[in-house]
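Colleague: Give me coordinates for this.
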Amino acid sequence: MEMWFFIAVSLSISLFLHAVFSLRRSPRRLPPGSHSAIPFVGTPQGLAGLVPHLRRLHRRLGPIVTVRINSRPAIFVSDRSLAHQALIQNGAVFSDRPPALPAGKVFSSNQHNISSASYGPTWRILRRNLTSEILHPSRLRSYSHARKWVLQILVDRFRTSGGQEPVVVVDHLHYAMSALVVLMCFGDKLDEKIIKQVESAHRKLLLSVSRFNILDVCPKITKFLFRKRWEEVLQLRRDQEALLLPLIRARRKIVEENARPGISDSDNKDYVVSYVDTLLDLELPDEKRKLDEGEMVTLCSEFLNGGTDSTATALQWIMANLVKYPEVQKRLHEEIKSVTGETGGEVKEDDLQKMPYLKAVVLEGLRRHPPGHLALPHRVTDETDLGGYSVPKNGTINFMIADMGRDPEVWEDPMAFKPERFVNGGDPIDITGSRGIKMIPFGAGRRICPALNLALLHLEYFVANLVAAFEWRAAENDDVDLSEKLEFTVVMKNPLKAHAVPRSL
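Modeller: Numbering: from 1, shown residues only. Next up, the predicted model:
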């Protein structure tokens, strides 16, 4: 007991001394803020957990504030004009990422993935590969059969209740999005058992990461003091590799067999290019080599996480609001019928462009309930000014996405769910933020989410078809609680339970 007390006191003194010396070295014009160090916040989840504290600081001190995390200053911006100035007008300076901390290095293969790579040649080649080979419109169309397959899985699952028993909607959404993204990643319709293993393993990893924050404080010491927790990090990584490497190797074998002389396109009529296919021969420009298997595991994991958890979260929020506000659901169903005909049936992807109210419902869901309330941290490559304050070279800066989308200066009654605000005239909303920031659920600038168009397609396609197939009603004595809870994304504190009543054709 005395030993642990001594360790705790030593860590506290170390943090205090770091904070004191950092204050002396810091530029005088740092944004105002809290000068007491906040320990153990090394992950996006940890940062998001600071949001209530940050909002209090912003109300008291203004739109740009400084918080000291483990003695290092981190700047937080809630103002959309300042965000536009930084991310769009001065994007080259604000587009780097902070160095990965110990656990982050393990799971990112030392920052060899798109979300955490430093701004430079490696990041460019990884991002270009994803956007041109997988997210190009022609490639996205080639996965239409996969979306139809997954839609049928969802519809069949919801129909089993017959509308009599309420279903926990998000459980089915997570499985369906996992099945879809696994197919896009590995190129095959895998068995349900494997899909569930992938889904479970990645959920476990995402929900465990915040436990490793303490390892980021004085890593040489804490990795020794918390050996079991560090071993847990390494075991999670080994489990990840044990799950994904066989799938990568199996796909490599298929690619090599299809490349043999004598194999014609007619023999490969069911073959669709997968994300793994694009990684096999990719070369890293700085290191003049191909990706190793560990880096491919990291990139596949990033692809699976990015396409599953955030999409399932956004879908649940949208469906929850359609249940809570049946008049919105009714208007959306009327629009669907006007396009597909009174007999209903599947909403095809080409139909989506004829449904402005559907797009409004999706946009309002993303504005009101962005899956991430903070963008991933940015690092500034040169000392610069922002909002009348100095942002130091290599300083960390964060942007409060949810607050910008709920700014009462832009949005009337911002906490209400009103899709009509996107269809009743006015300037169209640019969710990329390029022409001015009003809402940026996918971030903005050079590090904007590359899968923005894929996410919108999935949200529109599945929302439209779930409303076409079912009338969604609240469970008895359930007013649909829109309270928030932080997991990897910001989810419903009480998951949506609803009756999925099949519509009569």
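Colleague: Report the separation between the nearest residue to G443 once chain neighbours are set aside and V77.
Modeller: Leaving aside its sequence neighbours, G443 sits nearest to A375 (Cβ to Cβ, 6 or more residues apart in numbering; 4.8 Å). Using the backbone N, CA and C atoms, a C-beta is placed for each residue, glycine as well. A375 sits at a distance of 9 Å from V77 (criterion: Cβ to Cβ, to the nearest Å).
Colleague: can you give me phi and psi for the residue nearest to G443?
Modeller: With angles defined as degrees, to the nearest 10, A375 sits at phi -70, psi 160.
Colleague: How about V490?
Modeller: According to degrees, to the nearest 10, the main-chain angles of V490 amount to phi -90, psi 110.
Colleague: ok, now which ones touch it?
Modeller: A48, T313, H369, P370, P371, G372, H373, A402, E484 (Cβ atoms under 8 Å, 6 or more residues apart in numbering).
Colleague: residue contacts, the closest residue to K189 other than its chain neighbours?
Modeller: Spatial nearest neighbour of K189, chain neighbours left out: L183 (5.9 Å); criterion: Cβ to Cβ, 6+ apart. By Cβ under 8 Å, 6+ apart, the contact set of L183 is Y143, A146, W149, K189, L190, S274.
Colleague: repeat for E460
Modeller: Going by Cβ under 8 Å, 6+ apart, E460 touches L352, M355, L358, K359, V362.
Colleague: Show me which of those residues are buried.
Modeller: Buried positions within these, assessed by neighbour count (16 or more other Cβ atoms under 10 Å), are L352, M355, L358, K359, V362.
Colleague: Looking at those residues, which are in helices?
Modeller: Judged by DSSP state H, helices contain the following of the buried ones among the contacts of E460: L358, K359, V362.
Colleague: Reformat the residues you listed as a markdown table; add distance to P219.
Modeller: As requested, these are exported to a markdown table (distance: Cβ to Cβ, whole Å):
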| residue | distance to P219 |
| --- | --- |
| L358 | 48 |
| K359 | 46 |
| V362 | 42 |
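Colleague: Let me know the closest of those to I254.
Modeller: Using Cβ to Cβ, V362 is the member of those that sits closest to I254, with 35.2 Å.
Colleague: just checking, the closest one touches L456?
Modeller: Yes. With contact defined as Cβ atoms under 8 Å, V362 reaches L456; the gap is 6.7 Å.
Colleague: What number of residues are in the vicinity of F417?
Modeller: 21 (other Cβ atoms under 10 Å).
Colleague: Could you tell me which residues make contact with V167?
Modeller: R157, F158, S161, K497, A498, H499, A500.
Colleague: ok, 7 Å please
Modeller: Each residue near V167 by Cβ atoms under 7 Å, 6 or more residues apart in numbering is listed here: F158, S161, K497, A498, A500.
Colleague: Quick check on it: phi, psi?
Modeller: Reported as degrees, to the nearest 10, the phi and psi values for V167 are phi -110, psi 150.
Colleague: Repeat that for G33.
Modeller: With angles defined as degrees, to the nearest 10, G33 sits at phi 170, psi -160.
Colleague: sec struct for the closest residue to it other than its chain neighbours, please.
Modeller: Spatially, and ignoring its direct neighbours in sequence, G33 is nearest to T66 (3.5 Å; Cβ to Cβ, 6+ apart). Using DSSP: H, G, I helix; E, B strand; the rest coil, the structure places T66 in strand.
Colleague: No more questions from me, cheers.
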